[in-house]
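**Student:** Here is my input, please return the structure:
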Amino acid sequence: MTTPKGHGPNTHWTLGETRILATMSNGYTSMDIAKVLGRTAQAVQGKACRMRIQLNCETTNTTFGRISERHARSILTGAISMTEDKYHYPYDLEWEGRRVNVKATVLQYIGTARYWYWKFTVRETWKNCDLFLFLAYMPKKLSPVRAWLVPSSLCHKVSVIIGEKYTKGMYKNYEIEVKNPCES
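**Tutor:** Residues are numbered from 1 along each chain as shown. This next block holds a predicted model:
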């Protein structure tokens, strides 16, 4: 089976493929399902969305994002989730009359620089929000260890990188305390 394109031959899903998708959705990532079906992960995610099948594997970025949004609501008291019913809403939370986009990542290591850092990918999402809430996680930890509430006007780039030992610089004044985050 070839990888489907947006239109043309080999874009339809067979009954057997949709059954495999539905069966595997509870325990496998979209990448795992895509390998079995000979499709792209994006095609699998799109079909699952159209079929209203939730990919429930705990290792997906979507699941990590949802967990992070729950942590964000516990950090920003009174925040309202905008993505609860509409996954592709332009921003994640409304808090004190402002639009907040939550970005979360796990600590990474640059071997050549011998440097630990968090890299938050923002791309052009700064156009849709007033603030970013950056949540920094340690590997295999269920709650964020650090957080920054940064005006989106300071994030007009593809990503924001903050070092583990970060104590000064442009984001220093935006770090907020992480108090009693909820466990997932």
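
**Student:** can you give me phi and psi for Tyr87?
**Tutor:** Dihedral angles of Tyr87 (phi, psi; degrees, to the nearest 10) stand at phi -60, psi -40.

**Student:** Break this protein down into its structural domains.
**Tutor:** Here the domain parsing of the chain from automatic domain parsing is 1-57, 61-176.

**Student:** residue ranges for the strands of this protein, please.
**Tutor:** For the chain, the strands defined by DSSP state E occupy 80-81, 93-95, 98-106, 108-110, 115-121, 131-137, 146-151, 159-163, 175-176.

**Student:** deepest of the ones you listed, which one?
**Tutor:** strand 131-137 (a mean of 25; mean count of other CB atoms under 10 Å). The way it works is simple: take the backbone N, C-alpha and C, and place the C-beta from them, glycine included.

**Student:** That one pairs with which strands?
**Tutor:** Using DSSP bridges, strand 131-137 pairs in its sheet with strand 98-106 (parallel), strand 146-151 (antiparallel).

**Student:** closest one to Ser74 among those?
**Tutor:** For Ser74, the closest of the strands paired with strand 131-137 is strand 146-151, at 10.7 Å, according to CB to CB.

**Student:** quick one on the thing from earlier: nearest to Leu131, of the strands paired with strand 131-137?
**Tutor:** Set against Leu131 and scored by CB to CB, the strands paired with strand 131-137 come closest in strand 98-106, at 4.8 Å.

**Student:** So what touches the closest one?
**Tutor:** Applying CB atoms under 8 Å, 6 or more residues apart in numbering, the external contacts of strand 98-106 come out as 64-65, 68-69, 71-72, 76, 79, 90-94, 118-122, 125-126, 128-139, 144, 149, 152, 160.

**Student:** gap between the longest helix along the chain and the chain center?
**Tutor:** Using DSSP state H, we find that the single longest helix of the chain is helix 61-75. On the basis of CA atoms, centre = their mean, to the nearest Å, helix 61-75 sits 8 Å off its chain's mean C-alpha point.

**Student:** That one: which residues count as buried?
**Tutor:** Under the neighbour-count criterion of 16 or more other CB atoms under 10 Å, helix 61-75 has Thr63, Phe64, Arg66, Ile67, Ser68, Glu69, His71, Ala72, Arg73, Ser74, Ile75 buried.

**Student:** Thanks a lot, see you next time.
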